[in-house]
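K.L.:
this is a predicted model, with the sequence first.
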Amino acid sequence: MRKVVVVGLGKSGIEAAKLLAGRGDNVFITEVKGDAGVRSAADGLVKDNVVQKQDIELGSHTEKFVVSADLMVVSPGVRGDALPIRLAEERGIPIISELELAYGACPAPIIAVTGTSGKTTVTTLIGEMLSRAGMDVCVCGNIGNPLSGEIKQLKKDSRVVLEVSSFQLERIKGFKPKTSIILNISENHLDRHKDMQEYIDLKLRIFSNQDKGSRVFLNGKDNVLCSLAPNTKGLKVEFFNEYMGFRKKYNIENENFLAAMSCASLEGVEGDLMLEVISGFKGIEHRLEYVATINGIDFINDSKATTVSSVEWALKSLTARVILIMGGRYKGGDFGRLRDLAEQKVASVITIGEAGPRIKKDLAGFKDVAEEEDLGLAVDRAFKMAREGDKILLSPGCSSFDMFRNYEERGRAFKQLCLNLAQKLI
């Protein structure tokens, strides 16, 4: 029986622990947090006989949990300089990601989707297209449900559509999707990665084990990806924005739609069915999500926009005058890229969180940038200055971790603030 240390007790850590215990490994869990949610998750694993109570440490990492381990499985949220990882490296203990662990047990072919923005949308669309075509489909990964937790339900003829982040790709070894797709690459996660080159290199690992029997899709309009295409010798590489002539044949310019169609068509999905899915697509929660109209003012929740390029996309997608709420924890990127677009479309920028001063500095010269202490005050301020026909857009361009547990909690808070505002006016 192997001793396997799982580092991190988020969704990925929980499912990794269950998968390991299910195949007979002796599981140890170490988690630096010790809040009520983490304790509850740990208690659940003990109750389900996944791990013994004495084999879980919360609130800190200690050397005793790493000594004599045969393997370490790292959750994507754990930084490379965390104590357990340093100790494992010093002792020569193999370290893999939750993604690698799950891949080793996965019987089904994988379509893997990565990129700086658009991953969730494209993953969702591909999954829906395959499902509508009658296939047994599992949509999972960075989208919210780890692959480790889906292994039991998968069969050889299933299809896995997997959203993959740079964090998940950090410690893969044999991970080999049947089809991989990189949607775009722009500055992101520079609070975690050493520099932009490291971030790019990690994204490219998605196809590092692929061969001639698999397929790689890249964005032909992305300068970074175009420059890297010649380095993919020996692989079947296609540019999804030109693949099969879908763009011209169906008059589609949306890159997310073209990306999804390219992957789905490889699985035999017909064009008419793909178009039906696209025409009925209502979007995903927290991504340009319409919340309410109050006094003729639309409230739009784009909490999932955690990069500058995502904010740029949101502004380009909206036609009305915008009051933009931004901010959170800075994770890289130049907000100054938004200045010209803001001059055209944005009446005012309201910042929140740690990145507020950085945003104000980068947008120097823009006519109206104001700082607020929290999201509630930002929403109130935006509503007071808005006029009929305007859109109040939460598109942070930052992570949520300075004020919220995740972007979902931030988005739900924004929606509740909007609903509270509507009730006050009844």
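P.N.:
Here it is on my side, so go on.

K.L.:
so where's the stretch 201-350 of the chain shaky on pLDDT?
P.N.:
Within the stretch 201-350 of the chain, the stretches with pLDDT under 70 are 229-231.

K.L.:
so what's Phe281 up against?
P.N.:
By Cβ atoms under 8 Å, 6 or more residues apart in numbering, Phe281 lies in contact with Leu125, Glu128. All C-beta spots, glycine's among them, are computed from the backbone N, C-alpha and C.

K.L.:
in what helix or strand does it lie?
P.N.:
Secondary-structure assignment from DSSP states H and E places Phe281 in no helical or strand segment.

K.L.:
quick one, strands of the stretch 201-350 of the chain?
P.N.:
215-218, 236-239, 289-294, 297-301, 322-327, 346-352 (DSSP state E, counting those that start in this stretch).

K.L.:
how about these in TSV, adding distance to Gly397 and mean neighbour count?
P.N.:
Shown next, in TSV, are the strands of the stretch 201-350 of the chain (distance: least, Cβ to Cβ, whole Å; neighbours: other Cβ atoms under 10 Å):
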stretch	distance to Gly397	mean neighbour count
strand 215-218	25	23
strand 236-239	28	17
strand 289-294	16	16
strand 297-301	14	23
strand 322-327	5	27
strand 346-352	10	23
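
K.L.:
what's the closest of those strands to Asp157?
P.N.:
Ranking the strands of the stretch 201-350 of the chain by proximity to Asp157 (Cβ to Cβ) places strand 215-218 first, at 18.8 Å.

K.L.:
buried sites along stretch 362-377?
P.N.:
Of the residues in stretch 362-377, Asp362, Leu363, Phe366, Val369, Glu371, Glu372, Leu375, Gly376 count as buried by neighbour count, 16 or more other Cβ atoms under 10 Å.

K.L.:
show me what it is in contact with.
P.N.:
With contacts defined as Cβ under 8 Å, 6+ apart, stretch 362-377 is touched by 325, 334-336, 338-339, 342-343, 346-352, 356-357, 359-360, 378, 381, 394, 403, 410, 413-414, 417.

K.L.:
quick one: closest of the strands of the stretch 201-350 of the chain to Glu63.
P.N.:
strand 322-327 (38.5 Å).

K.L.:
picking up where we left off before, buried subset of the contacts of stretch 362-377?
P.N.:
The buried subset of the contacts of stretch 362-377 (16+ other Cβ under 10 Å) comprises 325, 335-336, 338, 342, 346-352, 356, 359-360, 378, 381, 394, 403, 410, 413-414, 417.

K.L.:
state the phi and psi torsions of Lys64.
P.N.:
Note on Lys64: its backbone torsions stand at phi -60, psi -30 [degrees, to the nearest 10].

K.L.:
please report the distance of it from Phe28.
P.N.:
9 Å (Cβ to Cβ, to the nearest Å).

K.L.:
of these two, which one has the most company?
P.N.:
Set side by side, Lys64 and Phe28 show more neighbours around Phe28, with 23 against 10, by other Cβ atoms under 10 Å.

K.L.:
now the more buried one: which helix or strand?
P.N.:
Using DSSP H and E, Phe28 falls in strand 26-31.

K.L.:
hmm, who's touching whichever helix or strand comes after that strand?
P.N.:
Next helix or strand after strand 26-31 toward the C-terminus (DSSP H and E): helix 36-47. Contacts to helix 36-47, defined as Cβ under 8 Å, 6+ apart, come from residues Leu9, Ile14, Ala17, Lys18, Ile29, Glu31, Val51, Gln52, Lys53, Ile56, Leu58.

K.L.:
relative to helix 36-47, how tilted is the helix or strand harbouring the second one?
P.N.:
I take that to be Ile14. Using DSSP H and E, Ile14 maps to helix 11-22. Using axes from the mean of the first three to the mean of the last three Cα atoms, to 10 degrees, the inter-axis angle of helix 11-22 relative to helix 36-47 is 10 degrees.

K.L.:
now Val139, nearest residue through space, not along the chain?
P.N.:
The shortest distance from Val139 to any non-neighbouring residue, by Cβ to Cβ, 6 or more residues apart in numbering, is to Gly127 (3.6 Å).

K.L.:
thought the one you found was touching Val160?
P.N.:
No - here Gly127 lies out of contact with Val160, judged by Cβ atoms under 8 Å, at a distance of 9.4 Å.

K.L.:
if we can go back for a sec, what's the most distant pair in the contacts of helix 36-47?
P.N.:
Maximum pairwise distance in those, criterion Cβ to Cβ, is 17.8 Å, between Lys18 and Leu58.

K.L.:
higher neighbour count, these two?
P.N.:
A count of neighbours by other Cβ under 10 Å puts Lys18 above the other of Lys18 and Leu58, at 20 against 16.

K.L.:
list the contacts for that one?
P.N.:
Leu45, Asp48, Val50, Ser148, Gly149.

K.L.:
next one: it from Lys345, what distance?
P.N.:
Taking Cβ to Cβ as the measure, Lys18 falls 47 Å from Lys345.

K.L.:
one more: Gly376?
P.N.:
The spacing between Gly376 and Lys345, counted by Cβ to Cβ, is 25 Å.

K.L.:
so how far is Ile325 from Asn301?
P.N.:
Distance, Asn301 to Ile325, using Cβ to Cβ: 10 Å.

K.L.:
which neighbours do the two share?
P.N.:
Common neighbours of Asn301 and Ile325, counting by Cβ under 8 Å, 6+ apart, are Leu394.
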